[in-house]
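[1] sequence and predicted structure are below.
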Amino acid sequence: MPSVKSSSSVWETDVQFLKGVGDKLAQIFAKAGVHTLWDLLLFLPRTYQDRRKMHSYAEMLTLASNDDFVIGLGVIERFSKKRAGPRGRQWKEALVRVLDPDVFAQGGTLPEPSPLDPRILFTWFRDPRDYAEKTFPEGSVVVFRGKAKAFRSNIQIVHPELQKSTSELPEWEFGNFVPVYREISTLSTRVIRKIMALALNRPEVSQIPDIFSEELMKKLELEGISKSIRELHFPKEWEPAQDASPSGKYLRRIAFEELFMMAIAMSMRKSEWINSSESMSRQLARLQIQDAAGELKSLKSSLPFALTGDQEKALNEVLSDLALDESPIPMHRLVQGDVGSGKTIIAFLSAIMMMKSGYQVAMMAPTEILANQHYQNFSKFFPEFAGQCMLLKGALTVKKKKEVRTAIAEGQCRFVIGTQALVTDSTLFDQLGLIIVDEQHRFGVKQRILMKEQSGAVIPHLLVMTATPIPRSLALTIYGDLNLSVIREKPAGRIPIETHLVKQRAHDKLVERLKKFLDEGRQLYLVYPLVEESEELDLKDVQSAHKEWSAAFGAANVGLLHGRMKSKEKDAVMQAFKQGELKVLVSTTVIEVGVDVPNASVIVVEHAERFGLSQLHQLRGRVGRGAQKSYCVLVGPDHPSPLSKERLDALVQSDDGFFIAEKDLEIRGPGEFLGRKQSGMPGFRVAHIIRDLELLEIARREAEKILEQDPKLVDPQNRLLKTMIERWWGGRMELTLGG
């Protein structure tokens, strides 16, 4: 690893102070997350245009026959306004004399015009405030680019891209492959291109240090960072395919750096979990049952169902970690599975085995509804242990919370199920041996560490679960600090859910069908995206919908549930629905995670195009839990966009959560897949977790080698690496890189 010779300022230079930017444009750049010179350098082109040569008129004729792009040199001879009929559409035309592209090579002297010179037409259907005519008046020599079309025995270019011609055209516009950037608000790709070209000429860009040793650069065939950045913006040593996105070894170099530093940060985050607040006086919790196999067999035989093969495998992996058969460090495992795959029973069985070993167990759920359900299910499946289990949630009275916390601190409560109320300074444990976190992405690393610090005399294990099926590439990225168990099998006897996509205009038919379902004794979920009416969005809200459905089905049959209701109100509504007192539940996505009502066999999701695919799959998982055939109805727009149709069709075609997750990730990208504010979501600018999976695994391997020798990155040769990780990942991953 190279040592730091001088600190580069690409990370500190505010984009506002770059040539051509200023305060106003800096505010626009900020909308795309571009605040510094480094941010700007990683704002890579969307695609490229080949502007290495200008075309002759003969070449333009050939290209125009295929509606292809041309680049040429010409003189604007005359502007004219046109109209289609007395009241028809207006447009503006310019007659342009095409010049030989070698005219500047001949000294830059324009030849005298001749009636025989080839001429083409420029057309503008929109030219606000006569911009084109004022900027490029008659007689202007211009370099032009645009899609050429054959038109009335001539060549027409609609809305050409123009540049005033001089003997030295700017390199960022012509003579090279030029970048095309996605526009940011009012910032055009052309303005961004010029700003980028000027920024790349700043001396600090050539001084960006490489964080990798020469040995590793050679081994992995990595290019230098400065050269890679330059080549990705203005290719000189490689040729992008026409209108293709960045690719090749220069993209690989920057992607690898992002992945490598993420892998280092992930490993350090795992070490923080393992090592934080440990001392010689604390012992690691350990599964200690004389006949563990026999005890487990007895517990499983008491269940009204048999575990699937995947459940058995996941349970064995968890118990092996708890028994410390393979590693003398705390378990740090993620159980990942599709909706209804049976992750919770793995958590319950693991909890009981730890309780029988003399330890306490804490289970955190993301909502009070789910915490209540876990508490009720545990008591139902394992009544002999129900007296040792307590519920801790925000809705409890101050007196009741105090009673529960006292029981936890004194060791009388062996298993506590709760919400964020568990993660407070006032919740202290006697001997917390196992922490179970349901829906991992709802809780941050700091919360895990805080619970560990509350654990008393022992060092606890960590078991986290997610019902969001996550592709392996994303799981490696988001949960790189966890060992992974995957449950794909569904419990035996589950009847597949039939999914239908209907349009808004079929509302009346849908109402009639739902009435028939109610006559059959079924219960229904009706899900909406908004709690209350919005002036900005033309969507029906849950409160208005509740009134309409109450009128249709009878107010006594229809309940309302959303996140803004008080906990007691939500609990009362859910209890009434579970007991069948309410036949219809009109709700927001508050029911998305874990809610289990076997008689609810129909779910209707209104404005389905507004939800992510994985979220829709989670909602669909609320039905299909009983003996009846279940149905999911997705109500979409009458005229969906191609993308909306593609997404919703995927859900209709498959009930495989892993397929759905891959599709969702492919369409929306990782940021939107989990939500950009979800804990642990890396902010990649260049790396792509699907495309670069192989690169990610190489990065993880190389990162582990460095950390084996220098776990805290305190060696002089690793100082730069540590600084870069703090800049790129520290805040995103809640890391404290002390040492």
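    Great, that's in hand.
[2] wait, Ile495 touches Arg625, no?
    No. Contact between Ile495 and Arg625 fails when scored by CB atoms under 8 Å: they sit 9.8 Å apart. Backbone N, C-alpha and C define where each C-beta goes, glycine included.
[3] who's more crowded, those two?
    Higher neighbour count among Ile495 and Arg625: Arg625, with 21 against 13, using other CB atoms under 10 Å.
[4] now do the contacts for the more buried one.
    Contacts for Arg625 (CB atoms under 8 Å, 6 or more residues apart in numbering) come out as Gly340, Asp596, Val597, Pro598, Ala600.
[5] restricted to helices, list these.
    Here DSSP state H is the test, and these give no hits in helices at all.
[6] neighbour-wise, which of those residues leads?
    In the contacts of Arg625, the most neighbours by other CB under 10 Å go to Ala600, 26 neighbours.
[7] quick one: strands adjacent to the lengthiest strand in the chain?
    When the chain is parsed with DSSP state E, its longest strand is strand 69-83. Strands that pair with strand 69-83, judged by DSSP bridges, come out as strand 90-99 (antiparallel), strand 141-151 (antiparallel).
[8] now those in JSON lines, please, with extra columns for mean pLDDT.
    Rendered in JSON lines, the data for those read as follows (pLDDT from 0 to 100):
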{"stretch": "strand 90-99", "mean pLDDT": "91"}
{"stretch": "strand 141-151", "mean pLDDT": "89"}
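[9] can you name every helix or strand that the helix or strand hosting Val318 contacts?
    Secondary structure here is read from DSSP states H and E; on that basis Val318 sits in helix 309-322. Taking 3 or more CB pairs under 8 Å, 6 or more residues apart in numbering; DSSP states H and E as contact, the helices and strands that helix 309-322 lies on are helix 292-301, strand 332-337, helix 343-356, strand 461-466, strand 483-487.
[10] what pairs with whichever helix or strand Leu524 is part of, and is each one parallel or antiparallel?
    Secondary structure here is read from DSSP H and E; on that basis Leu524 sits in strand 523-527. Partner strands and pairing direction for strand 523-527 (DSSP bridges) are strand 584-587 (parallel), strand 600-606 (parallel).
[11] and the contacts of the shortest one?
    Residues outside strand 584-587 that contact it (CB under 8 Å, 6+ apart): 518, 523-528, 542, 545-546, 549, 553, 557-562, 573, 577, 591, 600.
[12] could I get the average pLDDT for it?
    The average pLDDT within strand 584-587 is 94.
[13] now do it: distance to the chain's middle.
    Averaging C-alpha positions (CA atoms, centre = their mean, to the nearest Å) puts strand 584-587 29 Å from its chain's average.
[14] now the angle from the helix ranked longest in the chain to strand 332-337?
    In the chain, with assignment by DSSP H, the single longest helix is helix 249-275. Here the directions of helix 249-275 and strand 332-337 differ by 110 degrees (axes from the mean of the first three to the mean of the last three CA atoms, to 10 degrees).
[15] got the buried residues for helix 249-275?
    For helix 249-275, burial by neighbour count (16 or more other CB atoms under 10 Å) applies to 250-270, 272-274.
[16] next one: stretch 140-158
    Counting neighbours by 16+ other CB under 10 Å, one finds that the buried residues in stretch 140-158 are 140-149, 155-157.
[17] okay, buried residues for the strand holding Leu524 please.
    For strand 523-527, the neighbour count (16+ other CB under 10 Å) marks Gln523, Leu524, Tyr525, Leu526, Val527 as buried.
[18] looking at those residues, which is nearest Leu510?
    Within those, distances to Leu510 taken as CB to CB reach their minimum at Leu526, with 10.2 Å.
[19] quick one: pLDDT of the closest residue to Pro496 other than its chain neighbours?
    Among residues not flanking Pro496 along the chain, Asp655 sits closest, at 6.0 Å (CB to CB, 6 or more residues apart in numbering). Model confidence at Asp655, expressed as pLDDT, equals 85.
[20] next one: Asp655 relative to Ala600, how far apart?
    Relative to Ala600, Asp655 is positioned 17 Å away (CB to CB, to the nearest Å).
[21] next one: Asn483
    Asn483 sits at a distance of 35 Å from Ala600 (criterion: CB to CB).
[22] next: Leu40.
    As defined by CB to CB, Leu40 lies at a distance of 52 Å from Ala600.
[23] cool, and Asp50?
    For Asp50, the distance to Ala600 (CB to CB) stands at 58 Å.
[24] do a quick rundown of the strands in the stretch 401-550 of the chain.
    Ranges of strands in the stretch 401-550 of the chain, per DSSP state E, counting those that start in this stretch, are 415-418, 432-438, 458-459, 461-466, 483-487, 498-503, 523-527.
[25] could you dump those to CSV with distance to Asn718 and mean pLDDT?
    Output for these, formatted as CSV (distance: least, CB to CB, whole Å; pLDDT from 0 to 100):
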stretch, distance to Asn718, mean pLDDT
strand 415-418, 41, 94
strand 432-438, 32, 91
strand 458-459, 28, 83
strand 461-466, 28, 88
strand 483-487, 26, 86
strand 498-503, 52, 94
strand 523-527, 50, 95
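[26] got TSV for those, with distance to Glu231 too?
    Shown next, in TSV, are the strands of the stretch 401-550 of the chain (distance: least, CB to CB, whole Å):
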stretch	distance to Glu231
strand 415-418	54
strand 432-438	44
strand 458-459	49
strand 461-466	39
strand 483-487	36
strand 498-503	45
strand 523-527	49
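[27] which among these is found nearest to Asn66?
    The closest approach between Asn66 and any of these, judged by CB to CB, belongs to strand 498-503 at 38.4 Å.
[28] for that closest one, what is the distance to the chain centroid?
    Taking mean C-alpha positions (CA atoms, centre = their mean), strand 498-503 and its chain are 26 Å apart.
[29] quick one: buried residues of that strand?
    For strand 498-503, burial by neighbour count (16+ other CB under 10 Å) applies to Thr499, Leu501, Val502.
[30] hey, C-alpha coordinates of it in CSV?
    Provided in CSV are the C-alpha atoms of strand 498-503 (Å, rounded to 0.1, in the frame of the first residue of the first chain):
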residue,chain,number,x,y,z
GLU,A,498,-53.9,-16.7,-8.0
THR,A,499,-52.9,-13.2,-9.1
HIS,A,500,-54.9,-11.0,-11.5
LEU,A,501,-54.2,-7.6,-13.0
VAL,A,502,-57.3,-5.5,-13.6
LYS,A,503,-57.8,-1.9,-14.8
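[31] within its sheet, name the partner strands of it and how each one runs.
    strand 631-636 (parallel).
[32] and the next helix or strand past the partner strand?
    The element immediately downstream of strand 631-636 (helix or strand, assigned by DSSP H and E) is helix 642-653.
[33] so which elements touch that next one?
    For helix 642-653, where contacts count as 3+ CB pairs under 8 Å, 6+ apart, the packed elements are strand 498-503, helix 613-620, strand 631-636, helix 657-674.
[34] residues in contact with it?
    Under the contact criterion CB under 8 Å, 6+ apart, helix 642-653 has outside partners 499-501, 608-609, 613, 616-617, 620, 634, 636-637, 640, 659-660, 663-664, 667.
[35] make it 7 Å
    Applying CB atoms under 7 Å, 6 or more residues apart in numbering, the external contacts of helix 642-653 come out as 499-501, 608-609, 613, 616-617, 634, 636-637, 660, 663, 667.
[36] quick one, which of those are buried?
    Thr499, Leu501, Ala608, Glu609, Leu613, Leu616, His617, Leu634, Gly636, Pro637, Ile660, Lys663.
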